[in-house]
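Sequence and predicted structure, then a few things I'm wondering about:
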Amino acid sequence: DWRTLHGVLELAVYGCRVDNDFDLKLVGAYVASMFRTELLEGVGLMGTTSPGANLKVPKSNKLTDFRLQLSSMPDTDEPRAFGLAPNADRSL
């Protein structure tokens, strides 16, 4: 179930590397937005289906379809895919 997966990711996988409460809340928000039923139903990350949100789960259970989706993704992440402003990468 999602609650268990969120707990494992937030507390065991990522959370153990976070050293302040604000960042731990941020990890929780990202995990909740990326691991949810709506994403499996075809809605993009952060509830968007914009062209910049190129992160969608294939509507298939075949490994080849997942590999094809991954190979079609750009090498760099667009900020909009994570709910950020399109120019967020310029501030880094």
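Now that the structure is in, tell me what you want to look at.

hey, let's count contacts and neighbours off CA atoms from now on
Noted.

Which stretches in this protein count as helices?
Applying DSSP state H to the chain gives helices spanning 2-7, 21-34, 37-40, 63-72.

Tell me which of these lies nearest to residue 88.
Minimum separation from residue 88 across the helices of the chain (C-alpha to C-alpha) falls at helix 21-34, 16.5 Å.

Against which helices or strands is the closest one packed?
If you count contacts as 3 or more C-alpha pairs under 8 Å, 6 or more residues apart in numbering; DSSP states H and E, helix 21-34 packs onto helix 2-7.

Can you give me the buried ones in the helix it packs on?
Neighbour counts over helix 2-7 (16 or more other C-alpha atoms under 10 Å) mark residue 6 as buried.

Can I get it in CSV? Just the C-alpha atoms.
Taking C-alpha atoms only, helix 2-7 is exported to CSV below (Å, rounded to 0.1, in the frame of the first residue of the first chain):
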residue,chain,number,x,y,z
TRP,A,2,1.1,3.6,-0.6
ARG,A,3,1.4,4.5,3.1
THR,A,4,4.0,1.7,3.7
LEU,A,5,5.9,2.6,0.6
HIS,A,6,5.9,6.3,1.6
GLY,A,7,7.2,5.3,5.0
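
returning to that earlier point: what's the closest of the helices of the chain to residue 90?
helix 21-34 (20.8 Å).

and the nearest residue to residue 27 once chain neighbours are set aside, what is it in contact with?
What sits nearest to residue 27 in space, not counting adjacent residues and going by C-alpha to C-alpha, 6 or more residues apart in numbering, is residue 10, at 6.4 Å. For residue 10, the contacting residues are 24, 27, 28, 31, by C-alpha atoms under 8 Å, 6 or more residues apart in numbering.
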